[in-house]
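Peer 1: build the 3D model from these lines:
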Amino acid sequence: MFVDLQQDWAAKIAAQLTEDGIARFDGIRTRTQLVTLSASLGAIIAHRDSDDDGVTTLENRAELGQRLGFAGFGTGALKPHTDRSGVIDPPALLLLVCGHKSASGGECLAVDGRSVYADLTHTNPRAAQALTRPRTALFGGASGYLGSVFEHTQGGRIRIRLRMDGLVRYSPEITPSLPALTAAIERHTIRFALEPGQGYVLHNHRWLHGRTAFTGDRVMYRLSLNPHPEFAIPSGFQLPDIAAVALSTSATTPSASPSSSRSASTTTRHSCPAARPERQEITGAL
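Peer 2: Now for the predicted structure:
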């Protein structure tokens, strides 16, 4: 799918986010272009680690990456998680673009929370119920957010909030359900690599994201957004139909569910008038 105009890019991405909660794109060459396109999709939300334009540069910063809560600046694997889980209302969209590819490893991980929830309602309904209980998970440390992994919201929708590191504490009543959750996440994890200029945007209230460990100078650029109201992108996901859950779960492969595979393979390419550079790394301002 080729998209030539900025507003068309945002509209196409928004349509894919509404349907699948994730969209991939191509053709980003400069930091200015990245910020401009992102702003056409939603309001850019500043992050603790972002620059003035809202962009966070994720790269190996040695000792910083060893600190709790700063693992994104290391080279280790990042377990699938949602962004900003420790705040009351995390940004709705997460956008990531590759600036420089790693020598090895560094694959992106994405997991559809809807598929995970559907899986649990079929294979372990007791765990699915436990993981929706309010005030059973403290995200972000002592001053963070007290909630649940799956949260019921207005309109009968559900959204996911998750991290699996030293900045989360789960209550004893749901701890026995965590292995089932982990297994369901593994069953629905999608792995894919990004070349320089390629990226993805996902709904942070529905999809988990992470990465594999890597070597070399991997550089990624991240932005957090809240979508513009005119796109009407819904938060989270609808409660799965139980009959459909049984059918889709039985057909799930170890790598990904059918619906998740379709979502991850969807690519929108933003085509610019100038000739495209060789795919080695993004240079210049980005």
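Peer 1: in the chain, where's the longest helix?
Peer 2: In the chain, taking DSSP state H as the definition, the longest helix is helix 6-20.
Peer 1: give me the helices and strands touching the helix or strand following that one, please.
Peer 2: Going down the chain from helix 6-20, the next helix or strand is strand 22-26, by DSSP states H and E. When contacts are defined as 3 or more C-beta pairs under 8 Å, 6 or more residues apart in numbering; DSSP states H and E, strand 22-26 packs onto helix 6-20, strand 199-203, helix 258-265, strand 267-270. Quick note: C-beta positions are derived from backbone N, CA and C, even for glycine.
Peer 1: in the stretch 51-200 of the chain, which spans are helices?
Peer 2: 113-123, 125-130, 178-187 (DSSP state H, counting those that start in this stretch).
Peer 1: out of those, deepest packed?
Peer 2: helix 113-123 (a mean of 25; mean count of other C-beta atoms under 10 Å).
Peer 1: can you check what angle separates it from helix 178-187?
Peer 2: Angle of helix 113-123 versus helix 178-187, following axes from the mean of the first three to the mean of the last three C-alpha atoms, to 10 degrees, is 120 degrees.
Peer 1: which elements pack onto helix 113-123?
Peer 2: helix 125-130, strand 157-160, helix 178-187, strand 207-211, strand 237-238, helix 242-250, helix 258-265.
Peer 1: about what we covered before: least confident of the helices and strands packed on strand 22-26, on average?
Peer 2: Across the helices and strands packed on strand 22-26, helix 258-265 has the smallest mean pLDDT, namely a mean of 39.
Peer 1: turn the helices of the stretch 51-200 of the chain into a markdown table, columns for mean pLDDT and distance to Met164.
Peer 2: Output for those, formatted as a markdown table (pLDDT from 0 to 100; distance: least, C-beta to C-beta, whole Å):
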| stretch | mean pLDDT | distance to Met164 |
| --- | --- | --- |
| helix 113-123 | 97 | 13 |
| helix 125-130 | 97 | 15 |
| helix 178-187 | 98 | 8 |
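Peer 1: Asp83: which of these is closest?
Peer 2: helix 113-123 (12.9 Å; C-beta to C-beta).
Peer 1: I'd like to check the angle between that closest one and helix 6-20, please.
Peer 2: 10 degrees.
Peer 1: re the thing from before, the longest helix of the chain packs against which elements?
Peer 2: By 3+ C-beta pairs under 8 Å, 6+ apart, helix 6-20 packs against strand 22-26, helix 31-41, strand 199-203, helix 258-265, strand 267-270.
Peer 1: give the bridge partners for the most centrally placed residue in the chain, please.
Peer 2: The centroid of the chain falls nearest to His209 when counting by C-alpha atoms, centre = their mean (3.9 Å). Applying DSSP bridges to His209 gives these bridge partners: His81, Ala110.
Peer 1: hang on, it packs against Leu93?
Peer 2: No - with contact defined as C-beta atoms under 8 Å, His209 does not count as touching Leu93 (11.4 Å).
Peer 1: identify the contacts common to those two.
Peer 2: Leu202 (C-beta atoms under 8 Å, 6 or more residues apart in numbering).
Peer 1: returning to what we had before: how about JSON lines for the helices of the stretch 51-200 of the chain, with distance to Arg84 added?
Peer 2: As requested, the helices of the stretch 51-200 of the chain are exported to JSON lines (distance: least, C-beta to C-beta, whole Å):
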{"stretch": "helix 113-123", "distance to Arg84": "15"}
{"stretch": "helix 125-130", "distance to Arg84": "24"}
{"stretch": "helix 178-187", "distance to Arg84": "19"}
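Peer 1: quick one: neighbours of Pro134, just the number.
Peer 2: 10 (other C-beta atoms under 10 Å).
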